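Q: Here is my input; please provide its structure:
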Amino acid sequence: MTGGQPRHGDARRGKVAHLYKVWYTMRRRCYDPDFVKYPLYGGRGIRVCREWWNYEAFRDWALSHGYQEGLTIERRNHNGNYTPTNCCWIPRGQQQRNTRQNHWVTAWGETKLLHDWEKDPRCAVRRGTIRNRLRAGDTPEAAISDGHRKTGPKVAS
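A: Numbering: from 1, shown residues only. Below is the predicted model:
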């Protein structure tokens, strides 16, 4: 990685200032072992294509492929490299749905994120409760609804 101030001036100008930060951070994720997210990117072998080592080439691709404020770069193949054919721009909220931390649950024949099950009208509990119930061995339907829970033996009073 090279440091210093960019000569193109984009690091200080509006829309392209954010685009420069996207480019810079993308490279750090892939090549800087001291960067906090390096293990999830460079540590897994994900790289930036040679063409995009040049910021101006990346900027030109981004602006001609729909980049706008509020969008974030997405790799279509999450195990693939950052390349023009593997990347697109999506809203930040959509990208947050594509992280490894998300928990997909299938219940009643539907597969949704745990976050979405919490908003489902059939859900009677919070997502933390669903997660805990699933870890305890409940079926997804039981974990989501306020239905039957696994319990220990009943004690006579």
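Q: Where in this structure is the helix or strand with the lowest mean pLDDT?
A: When the helices and strands of the chain are scored by mean pLDDT, DSSP states H and E, helix 92-96 comes last with a mean of 62.
Q: Helix or strand next in line after that one, which one?
A: Next in sequence after helix 92-96, counting helices and strands by DSSP states H and E, comes strand 104-107.
Q: If you count neighbours, what's buried in that next one?
A: The neighbour-count check on strand 104-107 (16 or more other CB atoms under 10 Å) flags 105, 107 as buried. (Glycine included, C-beta is placed from N, CA and C.)
Q: heads up, I number from 59, so please use that
A: New numbering, starting at 59: the last item is strand 162-165.
Q: Please state the offset of the longest helix along the chain from the chain centre?
A: The helix that spans the most residues within the chain, counting by DSSP state H, is helix 72-89. Offset of helix 72-89 from its chain centre (CA atoms, centre = their mean, to the nearest Å): 16 Å.
Q: Next: stretch 111-120.
A: 23 Å.
Q: list the buried ones in that stretch?
A: Neighbour-count burial for stretch 111-120, counted by 16+ other CB under 10 Å, picks out 113, 116, 117, 120.
Q: contacting residues around the second one?
A: Residue 116 is in contact with 81, 109, 110, counting by CB atoms under 8 Å, 6 or more residues apart in numbering.
Q: which residue sits closest to the second one, ignoring its sequence neighbours?
A: Spelled out, it's residue 109. residue 115 (5.3 Å; CB to CB, 6 or more residues apart in numbering).
Q: List of residues touching the longest helix of the chain?
A: Taking CB under 8 Å, 6+ apart as the rule, helix 72-89 contacts 59, 64, 68-69, 93, 95-96, 98-100, 104-106, 110-111, 113, 116-117, 120-121, 125-127, 130-131, 140.
Q: For ChimeraX, write the select line for the buried members of the residues you listed.
A: Applying 16+ other CB under 10 Å to the contacts of helix 72-89, the buried members can be selected in ChimeraX as follows:
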select :68,69,93,96,99,100,104,106,110,113,116,117,120,125,131,140
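Q: Which of the contacts of helix 72-89 fall in strands?
A: Those of the contacts of helix 72-89 mapping onto strands are 130, 131, per DSSP state E.
Q: Quick check: helices, which of the contacts of helix 72-89 are part of them?
A: Secondary structure defined by DSSP H assigns 113, 116, 117, 120, 121 of the contacts of helix 72-89 to helices.
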